[in-house]
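S.K.: Sharing a model that was predicted from the sequence below.
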Amino acid sequence: MIGPILQFEDLQELCQPGAHPRLATVERWARAQGVRYRYDGKGGIWTTVDALNAALGVGAANEDAYPTEIM
């Protein structure tokens with residue numbers, strides 16, 4: 001990981017921990033999770049931590065969706 005950027009190797013680990021899945025497998029996983037990604041110049045894909053969080057429903061974009069106060 002470089003700052004808030006998740007590189008292909010990071011996405012491989014998230015997709016199948018401890019394995020080294022192929023690009024097609026990682027792409028399929030990312031699409032299934034709703035993660036927006038881009039292609040790098042080395043035959044892989046990359047995304048941002050914010051894009052991953054948005055796909056998982058975590059982060060500032062969803063803070064208003066779930067109020068913390070009980071009514």
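M.R.: All right, it came through fine. From a predicted model like this one, the values you see are computed outputs, not experimental measurements.
S.K.: residue ranges for the strands of this protein, please.
M.R.: Assignment of strands within the chain using DSSP state E yields the ranges 5-6, 38-39, 45-48.
S.K.: ok, residue 45 - how many residues close by?
M.R.: Residue 45 is flanked by 18 other residues according to other C-beta atoms under 10 Å. C-betas here are computed from N, CA, C, even on glycine.
S.K.: what does residue 56 give?
M.R.: As a burial measure, residue 56 scores 12 neighbours (other C-beta under 10 Å).
S.K.: And residue 37, by the same measure?
M.R.: Burial of residue 37, expressed as a neighbour count using other C-beta under 10 Å, amounts to 20.
S.K.: For it, list the residues it contacts.
M.R.: Taking C-beta atoms under 8 Å, 6 or more residues apart in numbering as the definition of contact, the neighbours of residue 37 are 11, 27, 30, 45, 46, 47, 51.
S.K.: For the residue nearest to the spatial centre of the chain, give me its contacts.
M.R.: Relative to the mean C-alpha position of the chain, the nearest C-alpha, by C-alpha atoms, centre = their mean, is the one of residue 52, at 3.2 Å. With contact taken as C-beta under 8 Å, 6+ apart, residue 52 is in contact with 6, 14, 35.
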